[in-house]
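Enquirer: Take this sequence and fold it.
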Amino acid sequence: MAPSCSKTVIFSVVFVISLFLLSSCVGAGRPGRMTVMKDDDVSAMALKYLRENQEKLFFARLPKGVPIPPSAPSNRHNSAPSNR
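Expert: Predicted coordinates for the structure are as follows:
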């Protein structure tokens, strides 16, 4: 290898390694710490309510906006018994 080619290869390897190290060191503003919440904050009160009533709110975790079909056949359904 020519001396200029080896310098280019070494520079590119060092550059790629430094990019990898710099990108892996990026973190949150407060790594490993929770943000401080005030007692009168709405989200703090909601979080407290959810923790206290976690067992009661099972159905609140289901997705909204999806209509639940009726369990019995209706008149529009083909297998509905005829009322004659």
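
Enquirer: residues of the helix ranked longest in the chain that come out buried?
Expert: Ranked by residue count under DSSP state H, the longest helix found in the chain is helix 3-24. For helix 3-24, burial by neighbour count (16 or more other C-beta atoms under 10 Å) applies to no residue. (Each C-beta comes from the backbone N, C-alpha and C, glycine too.)

Enquirer: any idea of the mean pLDDT in stretch 46-62?
Expert: For stretch 46-62, the mean pLDDT works out to 72.

Enquirer: quick one: what helix or strand has L47 in it?
Expert: helix 42-52 (DSSP states H and E).

Enquirer: Dump that helix to PDB, restricted to CA.
Expert: In PDB, the C-alpha atoms belonging to helix 42-52 read as follows (Å, rounded to 0.1, in the frame of the first residue of the first chain):
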ATOM      1  CA  VAL A  42     -52.600  17.400  36.600                       C
ATOM      2  CA  SER A  43     -50.400  14.600  35.300                       C
ATOM      3  CA  ALA A  44     -49.200  13.800  38.900                       C
ATOM      4  CA  MET A  45     -52.800  13.700  40.100                       C
ATOM      5  CA  ALA A  46     -53.800  11.400  37.200                       C
ATOM      6  CA  LEU A  47     -50.800   9.100  37.800                       C
ATOM      7  CA  LYS A  48     -51.800   8.900  41.500                       C
ATOM      8  CA  TYR A  49     -55.400   8.100  40.500                       C
ATOM      9  CA  LEU A  50     -54.300   5.400  38.100                       C
ATOM     10  CA  ARG A  51     -52.000   3.800  40.600                       C
ATOM     11  CA  GLU A  52     -54.800   3.700  43.200                       C
END
